[in-house]
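Asks: got a predicted model here, sequence first, then my questions.
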Amino acid sequence: MIAGGLTDQEVAALRGQIVDIVCGSVFVLIVLAAAAIALVRRRSGARLFILLGIWSATYGAMQLTQQQLMLLGSPHWLQHLAAPLNAAMTCLVDAA
(Lines give C-alpha, C1' and ligand atoms only; values in the text may rest on other atoms or scores of the structure.)
Protein backbone atom coordinates (compact mmCIF):
# COMPACT_ATOMS: atom_id res chain seq x y z
CA MET A 1 0.00 0.00 0.00
CA ILE A 2 1.13 3.48 -0.84
CA ALA A 3 -0.03 6.65 0.87
CA GLY A 4 -3.49 7.47 -0.44
CA GLY A 5 -4.69 3.86 -0.37
CA LEU A 6 -3.37 2.71 -3.76
CA THR A 7 -1.61 -0.62 -4.21
CA ASP A 8 1.57 -0.97 -6.21
CA GLN A 9 -0.37 -2.57 -9.08
CA GLU A 10 -2.82 0.34 -9.23
CA VAL A 11 0.03 2.86 -9.29
CA ALA A 12 1.73 0.96 -12.12
CA ALA A 13 -1.52 0.90 -14.11
CA LEU A 14 -1.98 4.64 -13.59
CA ARG A 15 1.58 5.32 -14.74
CA GLY A 16 0.94 3.38 -17.94
CA GLN A 17 -2.24 5.34 -18.56
CA ILE A 18 -0.51 8.65 -17.95
CA VAL A 19 2.05 7.83 -20.67
CA ASP A 20 -0.74 6.94 -23.12
CA ILE A 21 -2.68 10.10 -22.26
CA VAL A 22 0.40 12.23 -22.89
CA CYS A 23 1.04 10.46 -26.22
CA GLY A 24 -2.57 10.98 -27.28
CA SER A 25 -2.35 14.64 -26.35
CA VAL A 26 0.83 15.03 -28.40
CA PHE A 27 -0.97 13.65 -31.46
CA VAL A 28 -3.78 16.15 -30.90
CA LEU A 29 -1.17 18.94 -30.77
CA ILE A 30 0.24 17.69 -34.08
CA VAL A 31 -3.23 18.26 -35.52
CA LEU A 32 -3.15 21.89 -34.48
CA ALA A 33 0.31 22.38 -35.98
CA ALA A 34 -0.66 20.66 -39.24
CA ALA A 35 -3.83 22.74 -39.50
CA ALA A 36 -1.88 25.96 -38.93
CA ILE A 37 0.66 25.03 -41.62
CA ALA A 38 -2.10 24.08 -44.06
CA LEU A 39 -3.82 27.44 -43.48
CA VAL A 40 -0.61 29.36 -44.10
CA ARG A 41 0.46 27.44 -47.21
CA ARG A 42 -2.85 27.25 -49.15
CA ARG A 43 -1.12 25.48 -52.03
CA SER A 44 -1.22 21.94 -53.34
CA GLY A 45 1.27 20.87 -50.66
CA ALA A 46 -1.24 21.76 -47.97
CA ARG A 47 -3.23 18.60 -48.69
CA LEU A 48 -0.48 16.50 -47.11
CA PHE A 49 -0.69 18.53 -43.90
CA ILE A 50 -4.47 18.21 -43.84
CA LEU A 51 -4.26 14.42 -44.22
CA LEU A 52 -1.57 14.25 -41.54
CA GLY A 53 -3.80 16.30 -39.27
CA ILE A 54 -6.82 14.09 -39.81
CA TRP A 55 -4.82 10.92 -39.18
CA SER A 56 -3.16 12.38 -36.08
CA ALA A 57 -6.50 13.57 -34.68
CA THR A 58 -8.03 10.14 -35.16
CA TYR A 59 -5.05 8.33 -33.64
CA GLY A 60 -4.78 10.75 -30.71
CA ALA A 61 -8.49 10.56 -29.95
CA MET A 62 -8.32 6.76 -30.18
CA GLN A 63 -5.48 6.71 -27.64
CA LEU A 64 -7.41 8.99 -25.30
CA THR A 65 -10.70 7.02 -25.47
CA GLN A 66 -8.89 3.81 -24.53
CA GLN A 67 -7.73 5.19 -21.17
CA GLN A 68 -9.96 4.52 -18.18
CA LEU A 69 -8.42 7.44 -16.29
CA MET A 70 -9.33 9.81 -19.10
CA LEU A 71 -12.89 8.50 -19.31
CA LEU A 72 -13.47 8.97 -15.59
CA GLY A 73 -12.99 12.71 -15.99
CA SER A 74 -15.15 12.91 -19.12
CA PRO A 75 -18.82 13.89 -19.35
CA HIS A 76 -21.34 11.10 -18.88
CA TRP A 77 -22.46 11.13 -22.53
CA LEU A 78 -18.86 10.69 -23.72
CA GLN A 79 -18.34 7.71 -21.44
CA HIS A 80 -21.20 5.91 -23.20
CA LEU A 81 -19.92 6.81 -26.66
CA ALA A 82 -16.29 5.86 -25.99
CA ALA A 83 -16.55 2.20 -27.05
CA PRO A 84 -18.33 2.79 -30.41
CA LEU A 85 -16.11 5.79 -31.20
CA ASN A 86 -13.01 3.80 -30.36
CA ALA A 87 -14.11 0.96 -32.67
CA ALA A 88 -14.79 3.37 -35.53
CA MET A 89 -11.48 5.19 -35.07
CA THR A 90 -9.60 1.88 -34.92
CA CYS A 91 -11.12 0.89 -38.27
CA LEU A 92 -10.15 4.23 -39.79
CA VAL A 93 -6.58 4.17 -38.51
CA ASP A 94 -6.05 0.54 -39.54
CA ALA A 95 -7.41 1.26 -43.01
CA ALA A 96 -4.98 4.14 -43.56
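Replies: Cool, the structure landed. Numbers count the residues shown, from 1 in each chain.

Asks: OK, contacts around the spatially closest residue to Gln67 that is not a sequence neighbour?
Replies: Excluding the flanking residues, the one nearest Gln67 by Cβ to Cβ, 6 or more residues apart in numbering is Gln17, at 4.8 Å. Quick note: C-beta positions are derived from backbone N, CA and C, even for glycine. Residues near Gln17 by Cβ atoms under 8 Å, 6 or more residues apart in numbering: Gln67, Gln68, Leu69, Met70.

Asks: please apply the same query to Leu92.
Replies: Leu92 touches Thr58, counting by Cβ under 8 Å, 6+ apart.

Asks: where does it fall, secondary structure wise?
Replies: Leu92 belongs to helix 76-95 when assigned by DSSP states H and E.

Asks: on that earlier part again, now the contacts of Gln17 in JSON lines, with neighbour count?
Replies: Shown next, in JSON lines, are the contacts of Gln17 (neighbours: other Cβ atoms under 10 Å):
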{"residue": "Gln67", "neighbour count": "19"}
{"residue": "Gln68", "neighbour count": "10"}
{"residue": "Leu69", "neighbour count": "13"}
{"residue": "Met70", "neighbour count": "19"}
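
Asks: from the middle of its chain, how far away would the helix holding Leu92 be?
Replies: Mean-position distance between helix 76-95 and its chain equals 11 Å (Cα atoms, centre = their mean, to the nearest Å).

Asks: now that helix: mean pLDDT?
Replies: Averaging the model's pLDDT scores along helix 76-95 yields 83.

Asks: and for stretch 50-69?
Replies: 80.

Asks: I figured Asn86 hits Leu64, correct?
Replies: No. Counting by Cβ atoms under 8 Å, Asn86 does not reach Leu64; the two are 9.4 Å apart.

Asks: of those two, who's got more company?
Replies: Taking neighbours as other Cβ atoms under 10 Å, Asn86 and Leu64 compare with Leu64 leading, 21 against 16.

Asks: can you give me every residue that contacts the more buried one?
Replies: Ile21, Gly24, Ser25, Val28, Met70.
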